[in-house]
Each structure stands twice: as structure tokens, then as C-alpha cells.
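Undergrad: coordinates for the following, if possible.
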Amino acid sequence: MRLGTQLFALQTAIVLLAVGSTAAVWAQHTRTQYDSRYEQRALAIAQSVAALPQVREAFKLRRPESVLQPLALSVQETTGADYVVIANADQVRYAHPNASLIRHRLSTDGSYVLTTGDDWVGTQKGTIGTTVRGKTPVRDEYGDVIGLVSVGVLETTVIGEVAAGLPPLLWTAVAVLVAGLAAAALITARVRRQTFGLEPREIATLLEQREGVLHGVKEGVLALDLEGRVTLVNDAARELLGDVGDDLTRMPVSARMRDVLGGADQGEDRVVLHGDRVLVLNRTPVSVRGRQSGWVITLRDRTELVRLARELESTSSATEALRAQAHEFANRMHTVVGLLELGEHDAAIAFITSTTPGVRAGELRERIGDPTLAALLLAKSAEAAERGARLVLADDSAVPEGVLGDPQDAVLVVGNLVANAIDALDGGGGTIEVSVVADAGGLRVRVRDSGPGITPELVEEVFREGFTTKAARSGPRGLGLALTRQACLRRGGWVKVRNSGGAVFTALLPAEAAT
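TA: Down below sits the predicted model:
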């Protein structure tokens, strides 16, 4: 059976059971009320007859039936009772609807009334059938029990009264049943609409497929309702974000990521830093039947891609710098050769000295003992020269060999700050002064450029991921300074910027704790 058919059949059975049970309880309750009513009515008639003076006086006669029989028949006709029986203390009848039973013993036991002197009501089967009856004692002038009066109404009469009240009940039951079936049909139709006509097996299959897809994809998927509550999160999202909690406002993420997740920072491919990861987020509204029900956020891990892109960019820059140096070196060599052939040895030496731009390799290697950091500064010097700028090493620069340990974070910080300074000059020429001082406590970096400086209101904004004042290029932008700050903060350091004849970036990168 289809789900809709099962629901309709089940609800129909429930309605039938409820209506039938209610009707049965009502009928039984009505029957009980009618029985009680007729019992009290019979008892009242019996008490009225027993209280008549002529009844007490008739018991003194030799033939009491001569008075009591006509009296009983008259009361029976007047009240509509089915019988009125009067008997003495020995339970011998003095009055009965069937005159042939007079002077015969009662067919039902009346000893309770005769011995206790109390009234009795109930249902018993007698000579005329099963009746609802009431019995009361007859007392003489001294209060002694000398007999009893029994008045009864046939049970068929009571049943007829109950049956007369059944049609309204039946019509009501039918109306309720029809209404219940109509409601069951509406509920079934609504369930069909809510489930898009799918059967439980199909719904279970879809759920299994959804779970398989959500937890199988490599991208993180996070769903929020309109109030910002987390309604769905897959394994990849938990791996990227950690414990996301159940509410956006309490999610352990940065303010920048919360802005992107909540829609305050809108747009496609929003770049966000989370821990050591570079994430790209996209926020898409979800609509069900034309009404928006929430949002789905996809999270892509671009940490490795960004690292490779920056390495490729650095390699490309170094390659271009080397190409430019080779070209310039060839031109200078031709000039030097010409001067030597002319015998102008002093002029050749002066030319060689004056045309060496930027940082000299020998001087650089003397001050920067770490080969990786020295190579970076040498490449950056060539890049600056290629773009019309001049990179100089400050007099206080000193990095003893081996003091940096793993130079990865140092290269990240110095490379990003110098690259930012080169971009700030924007090919317009100028000077970039770099100071790097390292000891056992860590690395201190200062990069000063002769550019226009940083607008005061952007002093903090420049460190936010995704922020950039440069024209759009291929690859993610606005990450360099954010990654620099992240690296410094991760070690307990800091990075700051101020204006002093251009932008001056200073950073402290504490040494890594020994493990």
C-alpha cells in the first residue's frame, strides 16, 4: 500500500474506533440513566401505595385482596406501571396483574425488604418478564413491617425509551464520522504534498544519498536557517572549522568569517583566514516552494593553492629579475670592454662601481647569515630595481646564521612586507629600506618605503584578509599582510604600521618554542 493509502486507512480506523467507542459509551450511559430513572419512579409509586391508610387497614381483613386488588389495578393503570404487587409478611400476594396468582407466593425473593424494613431497587425477572422494579415495606400503625409493595416496569419499555433517543446519536455519529474521514483525506493530501508524493522507501533512499553526497564531497558545506542556527554541517566543514556549535553568534570563528557567514560581507569567493588555513567562502540563499528558508555556505580550502601561487609568483619574480639582470649585465659588460680597449681603466672601474644597484650580494651575505632570507632579499632587490625602485639594507640589520631555525615564517613576513612596499611605490621610483634583526628572542623587521603612506582610517583595515587597494590580478589578492599578521600573532608577536615619510611597517616574530 502507498503511504497515502496507509495513512488514510489508519486514520479511518482511528475515527471509526473513536466514534464507535463514544457512541457505545453514550448508549450505555443513557441506558444506566433510564434504568435509574425508572427504578426511582417504581419505588416512588410503591411508597405512595404503601403509605395509603386503606392498604394498612386491608391487611386486617380476612380477604385483603378484595380491597387491594382493585386498588393495585387502578394505580397500575393510572401510573403506567406494568405491574403493582402487594404481598404480606409471608410473601403471599394480595394483588397482582394476573388474578390467578393471588394467594400464591412471590416469584422473586422479598425477604430483604421484610427483614430490614429498607427500600430496594433493581432489575429482576418475574412472572411477566424482566422488569425494573422498586420494593418498599408496608407498616402498621406501630411501625412494624406487615408486608411489601412491589412496582415494576418491563425492561422492554426502558429499552424502547433508549432506542427512541438513538437516532440523534446515530446522526451525530455519522456526521462526526464523515467529518473525520474528510479530515483524514485532507491530512493524507497534505502529507503527499509535503513529501512530494514520495514513498517512505524513496525518502529513505534520498536521505541516504544526501548523507553520502554531503559527507563524501571534499568541500565544506554549512547550512543556516533564517535565524542563523546551524541546520546542517558535513564532515569537511567540521574539519575546516572545528566545532561549529549550533548558532552563528556563538560559532568560534573570527569576526571577518562571521560577517561572511552572516551576510554582512557579501560577494562571491570571499577569502577568509581561519587558523592556518586560507578559506574561500560562497553564501547562497536556499528557497523552498518560492520562499527563502535559509542559506548554504560552501567552504573551499585554498591554503596549499595560495602557498603554491605565492611560490610561483616569487619564482616568476626571481626569473624576471634574473633576466633583467642578465640583460643589464650584458650591456654593462660591453661598456666595460669598450673602456678597457680604449685604455680607460679608471673610468671602467668607476662605471662598474656606480652602476651596481640595490643591495650588493657580498654585503648582504655578511649581514644576513641565513641563506634563504638572504636569497629572498636579493631577489626582492632585483625586483625593486626592475620596477624602478631601490632596496637598501639598514645599517642595524644583522641575522646570524642558524639563529632563525626554520626560516619559513621569517621569509613569509619579510617577503610580504617588502612586496607590499614595492607595490606601494607602484613603479614610480623611490627607496625601500629594510631592517632585519634576529637573535635568540626572535626576528624584528622594519620596512620603510618612500610612497604616499597609509590613510589613517585604513591602518587596521590593511591587515584584514581580502582587503586590497591594488587592481585585480589573477589569483587571490589582499592576503599578504593578513598572512603576515597571522604568522606573528601565532607566535605571540605583532605587526604595526605608521606613517613617517611613507609607510613604515614593523613586525615582531618571536622565536618558536623548543619542542
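
Undergrad: which stretches in the stretch 301-450 of the chain count as strands?
TA: If you assign secondary structure with DSSP state E, counting those that start in this stretch, the strands in the stretch 301-450 of the chain sit at 389-393, 430-439, 442-449.

Undergrad: between those, which one is nearest to residue 484?
TA: When these are compared by C-beta to C-beta, strand 442-449 sits nearest residue 484, at 9.2 Å. Any C-beta I mention is one placed from the backbone N, CA and C, and that applies to glycine too.

Undergrad: gap between residue 155 and residue 486?
TA: Using C-beta to C-beta, to the nearest Å, residue 155 is found at 95 Å from residue 486.

Undergrad: just residue 253 next, same as before
TA: When distance is defined by C-beta to C-beta, residue 253 is 14 Å away from residue 486.

Undergrad: residue 25: neighbour count?
TA: Other residues near residue 25 number 10, with proximity taken as other C-beta atoms under 10 Å.

Undergrad: and if you look at residue 16?
TA: Residues contacting residue 16 under the criterion other C-beta under 10 Å number 14.

Undergrad: which phi and psi does the residue nearest to it when sequence neighbours are not counted have?
TA: Excluding its sequence neighbours, the residue lying closest to residue 16 (C-beta to C-beta, 6 or more residues apart in numbering) is residue 177, at 6.9 Å. Dihedral pair for residue 177: phi -60, psi -50, per degrees, to the nearest 10.

Undergrad: just the pLDDT for residue 177.
TA: In the predicted model, residue 177 carries a pLDDT score of 80.

Undergrad: wait, it sits on residue 15?
TA: Yes. Under the criterion of C-beta atoms under 8 Å, residue 177 makes contact with residue 15 at 6.2 Å.

Undergrad: quick one: residue 147 is in a strand?
TA: Yes. Per DSSP: H, G, I helix; E, B strand; the rest coil, residue 147 lies within a strand segment.

Undergrad: what's the neighbour count on it?
TA: Around residue 147 sit 27 other residues, with neighbours defined as other C-beta under 10 Å.

Undergrad: can you give me the distance of residue 138 to residue 52?
TA: Distance of residue 138 to residue 52, computed by C-beta to C-beta: 9 Å.

Undergrad: about what we covered before: redo the strands of the stretch 301-450 of the chain as TSV? Include mean pLDDT.
TA: Supplementary listing: those in TSV, determined by pLDDT from 0 to 100:
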stretch	mean pLDDT
strand 389-393	88
strand 430-439	90
strand 442-449	92
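
Undergrad: pick the most deeply packed of those.
TA: Ranked by mean neighbour count, the strands of the stretch 301-450 of the chain are led by strand 442-449 with a mean of 22 (mean count of other C-beta atoms under 10 Å).

Undergrad: which one's more surrounded, residue 138 and residue 52?
TA: The residue with the greater number of neighbours, taking residue 138 and residue 52 and applying other C-beta under 10 Å, is residue 138; the counts read 27 against 15.

Undergrad: can you map out the strands along the stretch 101-250 of the chain?
TA: Counting by DSSP E, counting those that start in this stretch, the segments of the stretch 101-250 of the chain that form strands are 120-126, 129-139, 145-154, 220-225, 230-233.

Undergrad: return the most buried member of the ones you listed.
TA: Per-residue neighbour counts averaged over each of the strands of the stretch 101-250 of the chain give the maximum for strand 145-154, namely a mean of 25 (mean count of other C-beta under 10 Å).

Undergrad: between it and strand 129-139, how many degrees?
TA: Orientation check (axes from the mean of the first three to the mean of the last three C-alpha atoms, to 10 degrees): strand 145-154 against strand 129-139 gives 150 degrees.

Undergrad: and stretch 58-68, how far from the chain's centre?
TA: Counting by C-alpha atoms, centre = their mean, to the nearest Å, stretch 58-68 is centred 91 Å from the centre of its parent chain.
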